[in-house]
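for reference, the sequence and a predicted model appear below.
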Amino acid sequence: MLEQLKKETLEANLELVRRGLVLYTFGNASGIDRASGLVVIKPSGVDYDVLKSDDMVVTNLDGEIVQGKLRPSSDLKTHLALYKAFPGIGAVVHTHSEHATAWAQAGRDIPALGTTHADYFHGPVPCTRELTDDEVNGDYVLNTATAIIERFDGIDPIAVPAALVAGHAPFAWGKNPHDAAHNAVVLEAVAKMAFMTVLLNSQCGVSKTLLDRHYFRKHGASATYGQK
Ligand SMILES: [Zn+2]
């Protein structure tokens, strides 16, 4: 069942390790098959060294396990809620990558400060509000997604494929697991650059014109970047 998506999801999880975005078993990636509404996600707490395609857990959008012997990632409910709220996305990745997490812990959006950011994110990467005590004590994993979705009111999740959860860490997404992992890796690079940039000059920023030029160079109908 969904063998290709399992392979792609495993590969996305391993890519996060290769790029230094996750320590130990922190972090998780999932992918969705929109035709069947089934989600493939990393199992909870299994070492990446021994993680296999067959270990991936298949669930439906209600979180019921359809296939797999292991327990799904503890962040499953966040992934599922993002799939429901953002119908254009095909994969979700969560890491505690250091620089993006620093911005999340500071409760700050990552401002668009240059073209590296603008190539991937059409505007700041938004940070959620803090969860209330009731939200933390309640359905915490689901409420994490609710805070992200609330923050994206008026923001296109395809144009800004990542969010920071205040006091926690980033989530990124994309059209497939490879794309979501790629966005998470770029997010960490952009977060690191922004951190250093703001230290050097807290008043900096990129113009809307330059932001638009770089974003639309790579995205949309008139993109010119790369090969046809
Ligand atoms: Zn986390």
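Received, thanks.

pLDDT score assigned to the nearest residue to residue 125 once chain neighbours are set aside?
Excluding the flanking residues, the one nearest residue 125 by C-beta to C-beta, 6 or more residues apart in numbering is residue 110, at 4.1 Å. In this view, the C-beta of every residue, glycine as well, is placed from N, C-alpha and C. On the pLDDT scale, residue 110 is placed at 98.

residue 110 reaches residue 170, doesn't it?
No: look at residue 110 against residue 170 with C-beta atoms under 8 Å: they stay out of range, at 9.1 Å.

what do the two both touch?
Contact with both residue 110 and residue 170 is made by residues 100, 125, 164, 187, 191, according to C-beta atoms under 8 Å, 6 or more residues apart in numbering.

can you put those residues in TSV and add neighbour count, distance to residue 30 and pLDDT?
Shown next, in TSV, are the shared contacts of residue 110 and residue 170 (neighbours: other C-beta atoms under 10 Å; distance: C-beta to C-beta, whole Å; pLDDT from 0 to 100):
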residue	neighbour count	distance to residue 30	pLDDT
100	28	18	98
125	27	20	98
164	29	19	98
187	29	17	98
191	23	22	98
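
against residue 193, how distant is the residue nearest to residue 125?
Shown here: residue 110 relative to residue 193, a distance of 9 Å by C-beta to C-beta, to the nearest Å.

repeat that for residue 6.
Note on residue 6: its distance to residue 193, by C-beta to C-beta, is 34 Å.

higher neighbour count, the two?
Neighbour count, other C-beta atoms under 10 Å: between residue 6 and residue 193, residue 6 has more, with 23 against 16.

tell me which residues of the helix or strand of the chain with the lowest mean pLDDT come out buried.
The helix or strand of the chain with the poorest confidence is helix 208-218; it has a mean of 89 (mean pLDDT, DSSP states H and E). Buried residues in helix 208-218, counting neighbours by 16 or more other C-beta atoms under 10 Å, are found at 211, 214, 215, 216, 217.

next one: stretch 18-33
Applying 16+ other C-beta under 10 Å to stretch 18-33 flags 19, 21, 22, 25, 27, 28, 29, 30, 31, 32 as buried.

cool, and stretch 172-190?
Applying a neighbour-count criterion of 16+ other C-beta under 10 Å, the buried positions in stretch 172-190 are 172-174, 176-190.

stretch 115-125 too?
Residues of stretch 115-125 classed as buried: 117, 118, 119, 120, 121, 122, 123, 124, 125 (neighbour count, 16+ other C-beta under 10 Å).

before we move on, back to that, among the buried residues of stretch 172-190, which ones are in strands?
Using DSSP state E, the subset of those located in strands is 172, 173, 174.

which residues touch the last one?
Each residue near residue 174 by C-beta under 8 Å, 6+ apart is listed here: 89, 90, 91, 93, 161, 180, 181, 182, 183.

so for residue 228, what's the pLDDT?
67.

the helices in the protein, which residues?
Using DSSP state H, the helices of the chain run over residues 3-18, 76-85, 98-106, 115-120, 133-137, 140-151, 177-200, 208-218.

for residue 56, which of the ones you listed is the nearest?
helix 3-18 (4.3 Å; C-beta to C-beta).

now for that closest one, which elements pack on it?
If you count contacts as 3 or more C-beta pairs under 8 Å, 6 or more residues apart in numbering; DSSP states H and E, helix 3-18 packs onto strand 28-33, strand 38-41, strand 91-94, helix 177-200.

ok, which of these comes nearest residue 225?
helix 177-200 (13.9 Å).

between helix 98-106 and that closest one, find me the angle.
Between helix 177-200 and helix 98-106, the angle comes out at 70 degrees (axes from the mean of the first three to the mean of the last three C-alpha atoms, to 10 degrees).
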